[in-house]
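Visitor: all I have is the shape, not the residue letters:
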């Protein structure tokens, strides 16, 4: 007589985190149009049926993955967050240990209308609006949008599309410029 094999209980939170990480990787490397549910599920080590049970559709997975990738946990908190915001952002963006996927995900989403609409909504609701509220009047929304636009370009061209081999001296100059420019947008409306 053979013993019945009990299925291993699944840790839903861990499984969802693995799916989101796999989706971020796929959407950042392949783009929305080319990344498939089966491929994402395989990267996450789950079935496509389970992935769809959690997220319902590729569009919903894309939205959840982008929201998770764009979390600004702690960035706008603390007493010195405002006075050192430009430098903090620069350190984060230039840290090779931090894998920054949103600019690639967003850039690669522009070729698909559905993904572009989702990316637009997510960036506005989860980054621009909270940052704008944090910046406050006058023109908090416009300043936040300017910071996001600069940040996207800075990350794309220093981390993801380095047009020139980054020399430490060039990286340092660009970092100082970025930090100073962002801080001016925070300090002087």
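Guide: Noted; the coordinates are in hand. Just so we're clear, the structure is a prediction, and the values are computed from it rather than from any experiment.
Visitor: contacting residues around residue 131?
Guide: 72, 76, 140, 144, 147-148 (CB atoms under 8 Å, 6 or more residues apart in numbering). From N, CA and C alone the C-beta is placed, and that goes for glycine too.
Visitor: now for the residues you listed: which two are most distant?
Guide: The span of those, defined through CB to CB, is set by 72 and 140 at 15.0 Å.
Visitor: how about the helices in this protein?
Guide: For the chain, the helices defined by DSSP state H occupy 12-30, 37-44, 48-55, 58-69, 85-94, 102-109, 113-123, 129-135, 140-155, 168-187.
Visitor: residue 174: neighbour count?
Guide: 16 (other CB atoms under 10 Å).
Visitor: quick check: closest non-adjacent residue to it.
Guide: Distance criterion CB to CB, 6 or more residues apart in numbering; nearest residue to residue 174, sequence neighbours excluded, is residue 158 at 6.4 Å.
Visitor: is it true that the one you found touches residue 90?
Guide: No. Applying CB atoms under 8 Å as the test, residue 158 and residue 90 come out as separate, 9.8 Å apart.
Visitor: residue 72 and residue 140: who's more crowded?
Guide: Taking other CB under 10 Å, residue 72 and residue 140 do not tie; residue 140 has more neighbours (17 against 12).
Visitor: wait, that one touches residue 133, no?
Guide: Yes. Residue 140 is within contact range of residue 133, at 6.4 Å (criterion: CB under 8 Å).
Visitor: ok, the residue nearest to residue 174 - contacts?
Guide: Applying CB under 8 Å, 6+ apart, we find residue 158 in contact with 93-94, 166, 171, 174.
Visitor: turn those residues into CSV, including pLDDT and distance to residue 66.
Guide: Below are the contacts of residue 158 laid out as CSV (pLDDT from 0 to 100; distance: CB to CB, whole Å):
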residue, pLDDT, distance to residue 66
93, 93, 18
94, 91, 22
166, 63, 26
171, 83, 27
174, 90, 26
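Visitor: how about the residues you listed, which pair is most distant?
Guide: 93 and 166 (12.3 Å).
Visitor: more neighbours: which of the two?
Guide: Using other CB under 10 Å, the more surrounded residue of residue 93 and residue 166 is residue 93, with 18 against 15.
Visitor: from residue 108, how far off is the more buried one?
Guide: Relative to residue 108, residue 93 is positioned 19 Å away (CB to CB, to the nearest Å).
Visitor: for residue 67, give me its contacts.
Guide: Counting by CB under 8 Å, 6+ apart, residue 67 has contacts 122, 126.
Visitor: picking up where we left off before, what's the distance between the residue nearest to residue 174 and residue 49?
Guide: Distance of residue 158 to residue 49, given as CB to CB: 40 Å.
Visitor: what's the answer for residue 188, then?
Guide: When distance is defined by CB to CB, residue 188 is 53 Å away from residue 49.
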